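Asker: With the input below, show me the fold.
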Amino acid sequence: MPVLHQVIALDKGAKSRTLSATTELYKTCQKPELFNGVIRKYTPRNDSDERLPDESKLVQKKAEDVLISAKNAMSELFDITAARDFTNCKARATVKVDGVEIIKDAPVTYLLFLEKQLTDIRTLVSSLPVLDPAHMWKDKDPNSGLYSAEPTESFRTKKQQVPLVLAPATDKFPAQTQLITDDVTAGTWKTTVISGAIPGPRRDLVLERVDRLIKAVKSAREEANGTTAELHDGIGAQIFGYLFA
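Answerer: Below is the predicted model of the structure:
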């Protein structure tokens, strides 16, 4: 007896063959001239008149043959799909991570869905921004849910004219000075960077958990796909026996 994953493999090939065959049959049905023929016999009015040879155009296709070909092409697919879907109804497995049951007796169809969704979740988590390691971050604020870095200070300067002494004053001459423009401190900026990103280790931990769950789901799916197939040979014949009777 085949198991479910073998039936699934057969299903893919049967679908391809059936599609190819039915497409050709459909194209044939779009050419009505293939189904029509004619026989022409010429009879002269008088025995002395010219006799002409008979003319004929043979029928190349028969509609009943198209139905038989359709039955032959599709019956296999009906039987294989029935085996797959009926077996899917009982193919189940439990998803476990480190011995802990996450999902009990999950159907194989749900496991396929879950595997796809977890892959999307992994893509989302891996794109999350993380806190810039260039800053020293404090613990997350419980009220705002934001992180803040240790404040940094920077000076704000402004242009200001100040005297430059060219020659100091003496008892005979006053000091010689010249005004020049210089940058002087006007104030101090205290900057606190805040962020809604998450710490890198936190993102890595979530990614690790997603990966472990994906692995567990795949393992469960493989187990479920090992279920013995519930064969239903003859379903196609029953269907077409009714349709084309």
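
Asker: low pLDDT regions in this protein?
Answerer: Scanning the chain for pLDDT under 70 picks out the ranges 1.

Asker: Kindly state the domain boundaries assigned to it.
Answerer: Domain segmentation of the chain under automatic domain parsing yields 1-90+231-245, 92-135+199-224, 150-167+175-191.

Asker: Flag every buried residue along stretch 101-120.
Answerer: Ile102, Ile103, Ala106, Val108, Tyr110, Leu111, Leu114, Leu118 (16 or more other C-beta atoms under 10 Å). In short, each C-beta sits where N, CA and C put it, glycine included.

Asker: cool, stretch 79-93 as well?
Answerer: In stretch 79-93, counting by 16+ other C-beta under 10 Å, buried: Asp79, Ile80, Thr81, Ala82, Ala83, Arg84, Phe86, Thr87, Asn88, Ala91, Arg92, Ala93.

Asker: For the protein, which segments are assigned as helices?
Answerer: Assigned helices in the chain, in chain order: 4-29, 63-88, 108-126, 200-224, 235-243 (criterion: DSSP state H).

Asker: of these, which approaches Lys159 most closely?
Answerer: Shortest distance between Lys159 and the helices of the chain, using C-beta to C-beta, is found for helix 200-224: 42.9 Å.

Asker: Taking helix 108-126 as reference, get the angle to the closest one.
Answerer: 160 degrees (axes from the mean of the first three to the mean of the last three C-alpha atoms, to 10 degrees).

Asker: For the closest residue to Asn36 other than its chain neighbours, list the residues it contacts.
Answerer: Leaving aside its chain neighbours, Asn36 sits nearest to Val59 (6.7 Å; criterion: C-beta to C-beta, 6 or more residues apart in numbering). Contact partners of Val59, counting by C-beta atoms under 8 Å, 6 or more residues apart in numbering, are Leu34, Phe35, Asn36, Gly37.

Asker: Check those residues against Gly196 and report the nearest one.
Answerer: Closest approach to Gly196 among the contacts of Val59 (C-beta to C-beta): Leu34, at 69.4 Å.

Asker: How many neighbouring residues does the closest one have?
Answerer: 13 (other C-beta atoms under 10 Å).

Asker: correct me, but it touches Gln60?
Answerer: Yes - judged on C-beta atoms under 8 Å, Leu34 makes contact with Gln60 at a distance of 4.5 Å.

Asker: Give the closest residue to Asp98 in space, chain neighbours not counted.
Answerer: Nearest in space to Asp98, with sequence neighbours left out and distances taken as C-beta to C-beta, 6+ apart, is Arg212 at 7.8 Å.

Asker: correction: Ala186
Answerer: Lys158 (4.2 Å).

Asker: bridging residues for that neighbour?
Answerer: Val184 (DSSP bridges).

Asker: Next, count neighbours for it.
Answerer: 10.

Asker: Look up how far Leu231 lies from it.
Answerer: Distance of Lys158 to Leu231, given as C-beta to C-beta, to the nearest Å: 89 Å.
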